[in-house]
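Asker: Have a look; sequence and predicted model below, questions after that.
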Amino acid sequence: MALAETQTDVKTFTAAELYQRIVADTPTFIVDVRNEEDFGRWGVEGRNSLEVINVPYFDFIEDEDGSVAKVPADRNEVLVVCAKEGSSQFVAEILQSHGITARFLEGGINTWGNLYDVRPVESNAYGQIIQVARPARGDLSFVVVSQGQAAVIDPLRHIDHYLNVLNTHQAQLTHIFDTHAHADHISGGPALARKTGGRYFMHAYDAIHPLDMLPARIDYNHIVDGQKFQVGHYTIEVIWFPGHTLGQVNYLFTDPDGKSCLFTGDGIFLKSFGRPDLGGRGEAWAPIVYDSIYNRLPPRINKDTLILPAHFSVMNEDNGQGVFAETYEWVLAHNDALKYAQKQDFLDFVLSHLPKFPPEYVEIKRANAGLLIPDEEKASELELGKNICALSD
Ligand SMILES: [Fe+2]
Ligand SMILES: [Fe+2]
């Protein structure tokens with residue numbers, strides 16, 4: 001990774017380098033110099049070896065020595081993060097002048113928020129599965145390539161990343177699958193369909209805004225439970241999995257040898273599952289989630305089916321190499337949220353573990369229904385921070 005030199009010899013680091021360090025669990029110490037409120041809203045999260053402290057920029061101006069003293073002296077290197085870049089450069093220079101090796105994040109925290117990471121999940125004679133992640137948000141999406149054709153599942157807003165993958169694999173995008181109308185991020189599905197001519201699919205139940213009760217104004221092809229598609233060697237089956245939304249579906253891809261993978265969207269995650277309250281009806285939809293998890297899904301997949309969800313909550317859910325995919329057998333053994341076979345126990349658990357309801361989620365659903373067309377600034381403001389689509393502790 002090339003490091004840019006600044007006039008003052010303080011070096012920078014990039015969001016991509018930061019993510020590589022997090023994936024590799026390289027000991028990393030971050031000083032976030034945004035104000036307390038912005039820091040409290042969201043920031044860099046990683047795994048065990050990542051330490052983050054908040055020392056606001058203005059503290060360094062008002063009390064330089066006191067602020068520098070808050071940075072442990074035994075760290076090899078300090079990475080400084082701020083909103084846009086300027087104040088982190090300033091603080092990195094101060095730290096260097098106190099004998100502490102420091103670098104600052106190029107482009108500020110938004111470049112971390114907008115970082116995309118592309119890496120292979122699986123590759124065999126029938127095709128490739130590629131994960132396209134937006135790590136700061138915990139968002140996961142996928143491209144499946146086979147025989148020159150491609151399907152994209154739950155594409156995120158910055159569609160160039162998918163176009164690059166298609167270009168790399170010389171594949172034609174034929175199917176764009178949204179698992180549901182997302183509340184936490186703006187879908188790239190309609191834009192990808194316009195750009196590539198691929199067909200955009202979602203369930204008709206999700207083409208009504210659940211709170212406004214207004215029909216979507218987007219071009220989409222509706223799907224039903226059991227519907228089948230073919231992309232290259234893969235047969236794809238739609239499995240209706242309502243509860244997080246009424247139109248949530250899973251897409252089951254099966255290769256000619258019978259090996260399958262399931263794109264679950266906000267159905268089952270590796271260690272949790274999609275909350276039932278984002279449509280405003282948590283108590284009514286929680287029993288529907290129960291039926292999806294315990295009755296609808298199990299007969300349709302097998303223990304070796306690879307589960308590929310639309311989110312992770314913490315970095316440690318990965319396989320140690322930045323890929324978020326495990327077998328259904330693994331998920332059943334490790335997902336504590338799936339251990340409530342008795343319906344009432346399940347409902348008690350779900351309804352006592354609902355996180356806060358982000359107000360911007362109502363607007364994101366409007367954007368995904370085509371009822372609101374946000375500009376870039378508004379879109380990034382709506383998507384700020386990490387998704388809150390799973391139940392929480
Ligand atoms: Fe969702
Ligand atoms: Fe989500």
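Answerer: Structure received. Residues are numbered from 1 along each chain as shown. Ligands and ions are numbered 1, 2, ... in the order given.

Asker: Neighbours of residue 275, how many?
Answerer: Neighbours of residue 275 under the rule other C-beta atoms under 10 Å: 25. (C-beta placed from N, C-alpha, C; glycine too.)

Asker: repeat for residue 372
Answerer: As a burial measure, residue 372 scores 18 neighbours (other C-beta under 10 Å).

Asker: In contact with it, which residues?
Answerer: Contacts for residue 372 (C-beta atoms under 8 Å, 6 or more residues apart in numbering) come out as 363, 366.

Asker: part of a helix, is it?
Answerer: No. Residue 372 sits outside any helix when classified using DSSP: H, G, I helix; E, B strand; the rest coil, being coil.

Asker: residue closest to the middle of this structure?
Answerer: residue 139 (0.7 Å; C-alpha atoms, centre = their mean).

Asker: how much space between that one and ligand 1?
Answerer: From residue 139 over to ligand 1 the distance is 10 Å, taken as C-beta to the ion, to the nearest Å.

Asker: residues in contact with that residue?
Answerer: Under the criterion of C-beta under 8 Å, 6+ apart, the neighbours of residue 139 are 133, 156, 184-185, 310-311, 387.

Asker: Kindly reformat those residues as JSON lines containing neighbour count.
Answerer: Output for those, formatted as JSON lines (neighbours: other C-beta atoms under 10 Å):
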{"residue": "133", "neighbour count": "25"}
{"residue": "156", "neighbour count": "24"}
{"residue": "184", "neighbour count": "23"}
{"residue": "185", "neighbour count": "24"}
{"residue": "310", "neighbour count": "29"}
{"residue": "311", "neighbour count": "26"}
{"residue": "387", "neighbour count": "22"}
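
Asker: ok so, going back, mind checking the backbone torsions on the residue nearest to the centre of the chain?
Answerer: Per-residue torsions, residue 139: phi -100, psi 140 (degrees, to the nearest 10).

Asker: ok, then the element right after the host helix or strand of residue 93?
Answerer: In this assignment (DSSP states H and E), residue 93 forms part of helix 86-97. Per DSSP H and E, the first helix or strand lying C-terminal to helix 86-97 is strand 102-105.

Asker: roughly how far apart are the closest residue to ligand 2 within the chain and residue 158?
Answerer: Per C-beta to the ion, residue 389 is where the chain lies closest to ligand 2, at 3.3 Å. Relative to residue 158, residue 389 is positioned 19 Å away (C-beta to C-beta, to the nearest Å).

Asker: Equivalent analysis for residue 267, please.
Answerer: Residue 267 is 24 Å from residue 158, by C-beta to C-beta.

Asker: what's near enough to touch the residue of the chain closest to ligand 2?
Answerer: Contacts of residue 389 (C-beta under 8 Å, 6+ apart): 183-184, 244, 266, 274-275, 278, 310-311.

Asker: How about whichever residue of the chain sits closest to ligand 1, nearest residue that isn't a chain neighbour?
Answerer: Residue nearest to ligand 1 within the chain: residue 266 (3.5 Å; C-beta to the ion). Excluding the flanking residues, the one nearest residue 266 by C-beta to C-beta, 6 or more residues apart in numbering is residue 274, at 3.4 Å.

Asker: The one you found and residue 286: what is the separation?
Answerer: Separation of residue 274 from residue 286 (C-beta to C-beta) stands at 11 Å.

Asker: How about residue 221?
Answerer: 30 Å.

Asker: swap in residue 209?
Answerer: 21 Å.

Asker: now swap in residue 146 and tell me
Answerer: 37 Å.

Asker: got the buried residues for whichever strand or helix holds residue 23?
Answerer: When elements are assigned from DSSP H and E, residue 23 belongs to helix 15-24. Neighbour counts over helix 15-24 (16 or more other C-beta atoms under 10 Å) mark 15-19, 21-23 as buried.

Asker: what does the helix or strand that it is followed by rub up against?
Answerer: Following helix 15-24 in sequence order, the next helix or strand is strand 28-32 (DSSP H and E). For strand 28-32, the surrounding residues in contact (C-beta under 8 Å, 6+ apart) are 18, 21-22, 39, 43-44, 46, 49-55, 71-72, 75, 77-82, 91, 95, 109.

Asker: In the sheet, which strands lie alongside strand 28-32, parallel or antiparallel?
Answerer: Next to strand 28-32 in the sheet, as set by DSSP bridges, lie strand 50-54 (parallel), strand 78-81 (parallel).

Asker: averaged over its residues, what pLDDT does it have?
Answerer: For strand 28-32, the mean per-residue pLDDT is 98.

Asker: Show me what counts as buried in the helix or strand following that strand.
Answerer: Of the helices and strands lying after strand 28-32 in sequence (DSSP H and E), the nearest is helix 36-41. Within helix 36-41, the residues that qualify as buried are 38-39, counting by 16+ other C-beta under 10 Å.

Asker: what does stretch 57-71 give?
Answerer: Result for stretch 57-71 [16+ other C-beta under 10 Å]: buried residues 57, 59-60, 67-68, 71.

Asker: just to revisit the earlier point, return the helix holding residue 23 as CSV; C-alpha atoms alone will do.
Answerer: C-alpha atoms of helix 15-24 as CSV (Å, rounded to 0.1, in the frame of the first residue of the first chain):
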residue,chain,number,x,y,z
ALA,A,15,-9.6,3.1,4.3
ALA,A,16,-8.6,0.0,2.3
GLU,A,17,-5.4,-0.4,4.4
LEU,A,18,-7.4,0.0,7.6
TYR,A,19,-9.8,-2.8,6.5
GLN,A,20,-6.9,-5.1,5.6
ARG,A,21,-5.6,-4.5,9.1
ILE,A,22,-9.0,-5.3,10.6
VAL,A,23,-9.4,-8.5,8.6
ALA,A,24,-5.9,-9.7,9.5
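
Asker: Could you check how far the residue of the chain positioned farthest from its centre is from residue 98?
Answerer: Farthest-out residue of the chain from its mean C-alpha position, per C-alpha atoms, centre = their mean: residue 65, at 39.0 Å. Distance of residue 65 to residue 98, computed by C-beta to C-beta: 8 Å.

Asker: Quickly compare the strands paired with strand 28-32 and say which is most buried.
Answerer: strand 78-81 (a mean of 26; mean count of other C-beta atoms under 10 Å).
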